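Peer 1: generate a structure from the sequence data that follows.
(one chain, ligands or ions: 1)
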Amino acid sequence: MKKALSILLALVMVLSLCSMGFAAEEKTVGIAMPTRSLERWNRDGEYLQEQFEAAGYGVELVYSDNDITQQNNDIGNLIADGVDLLIISAIDGESLTQTLADAKDAGIPVIAYDRLIMNTDAISYYVSFDNYTVGVLQGQFVIDTLGLDLEDTSKTYNIEFTAGDPADNNAGFFFGGAFDTLKPYIDAGILNIPSGKTEFEQVATPAWSTDTALTNMQNTLASYYSDGTVLDVALCSNDSTALGVAQAITSDYAGDNQPLVTGQDGDIANLQNIVDGLQTMTVYKNVSDEAGTTLELGKAILAGETPAAELLENLSAEASYDTETYDNGTGVIPSYLLVPYVITKDSLDRLVETGLYEWDANNQYLVSTAATT
Ligand code: GAL
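Peer 2: Numbering: from 1, shown residues only. Predicted coordinates for the structure are as follows:
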């Protein structure tokens, strides 16, 4: 009788410790980011690690240098280490099927972070921004800034598109949102594309490479703008590509006007270009919101819950719960989507309010408050 009582007492103690969150100590989160060479992922990785460690979880954070084989090995190591949850931003959304089959076999839930992971039934949730809206914001910014009016075809403008990495499932959404928004003006002849490049595949930029975007824009300017044709808009899907495009424009383009240049991510060099007038806007996706949402979702999953729309009540950021849009090839993945917004020279202080940026000593340019960017 005494023995049974002592076992019961021990069981009650363990259960009460678990309920007090001590269980977090035993749980480890594996975080796989694509690369450090694209600035935003340093902020994502650092912030995710900070948030989960502050909540009492162990964290293993890996960066895979935009190398697909390395990312499969890195995630395989996290699985072998027995992590309790995987948070992955895929380099190539199509490349993790086998590795994540191992995660599923090991009973490890997976959150696809920012980029949807395709063709695997191992994905529990997807956390990102409404990436189609990112493109819509870029396209609408062009319409509003140039004052385009479908009723007035007297003024026409030349535009070129620079899209993202074909391996990144987000890139198609960014390009599609922008192109769909601008298509009525293209069809009306108000926006012309001298290069004739209207398809994603024609304007995609593998690995989101700044150098590739630079070379592609140099070739476009040399081929279609050397006769005095004026470039009015360079619609770039993100900041790393906008950096290359802006460099090509400043070095190779004789046009007097400074084309309108779009971007995304709020990278430091691009924010400086925005101050200097070499880029016109960036679409900002608040990393702390995306990481904070992932933290709340991860905590619920690790507590054995299966969250749905009710998780939104725990979030400090504005978000939506979507169970229709993101089919990864094995079925629709329940998704939490955050809201992106436009930043221009006049709204840079909004980035300071995130706590991730601050003004430099001369109050001229924004610098990152994160240790690694
Ligand atoms: C995308 C991401 C964007 C963009 C790009 C480069 O998947 O959503 O923020 O910057 O990667 O890393």
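
Peer 1: gap between the residue most central in space within the chain and Asn238?
Peer 2: Among the residues of the chain, the one closest to the centroid is Asp114, at 5.0 Å (Cα atoms, centre = their mean). Distance, Asp114 to Asn238, by Cβ to Cβ, to the nearest Å: 12 Å. In this view, the C-beta of every residue, glycine as well, is placed from N, C-alpha and C.

Peer 1: for the record, mean pLDDT for the top helix by length along the chain?
Peer 2: In the chain, taking DSSP state H as the definition, the longest helix is helix 169-187. For helix 169-187, mean pLDDT is 97.

Peer 1: ok, the residue nearest to the centre of the chain - contacts?
Peer 2: Contact analysis of Asp114 by Cβ atoms under 8 Å, 6 or more residues apart in numbering lists 44, 89, 127-129, 170, 290.

Peer 1: sorry, back to before: return the distance of the longest helix of the chain from the chain's centre.
Peer 2: Distance of helix 169-187 from the chain centroid (Cα atoms, centre = their mean, to the nearest Å) equals 17 Å.

Peer 1: among the contacts of Asp114, which are in helices?
Peer 2: Among the contacts of Asp114, the residues falling in helices (DSSP H) are 44, 170, 290.

Peer 1: out of those residues, flag the one nearest to the ligand.
Peer 2: The closest of the ones in helices among the contacts of Asp114 to the ligand turns out to be Asn170 (Cβ to the nearest ligand atom; 3.8 Å).

Peer 1: count of neighbours near Ser368?
Peer 2: Other residues near Ser368 number 18, with proximity taken as other Cβ atoms under 10 Å.

Peer 1: backbone dihedrals for the residue nearest to the centre of the chain, please?
Peer 2: Main-chain torsions, Asp114, degrees, to the nearest 10: phi 70, psi -40.

Peer 1: confirm Val142 sits in a helix?
Peer 2: Yes. Counting by DSSP: H, G, I helix; E, B strand; the rest coil, Val142 is located in a helix.

Peer 1: wait, is Ala234 part of a helix?
Peer 2: No. Ala234 is assigned strand when assessed by three-state DSSP, not a helix.

Peer 1: picking that back up, so among the contacts of Asp114, which ones count as buried?
Peer 2: Among the contacts of Asp114, those classed as buried by 16 or more other Cβ atoms under 10 Å are 44, 89, 127-129, 170, 290.

Peer 1: just checking: which of the residues you listed also lie near the ligand?
Peer 2: Asn170 (Cβ under 6 Å from any ligand atom).

Peer 1: just send the buried ones among the contacts of Asp114 back as a markdown table, with distance to Ala361 too.
Peer 2: Output for these, formatted as a markdown table (distance: Cβ to Cβ, whole Å):
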| residue | distance to Ala361 |
| --- | --- |
| Asp44 | 27 |
| Ser89 | 33 |
| Val127 | 36 |
| Ser128 | 35 |
| Phe129 | 32 |
| Asn170 | 35 |
| Glu290 | 30 |
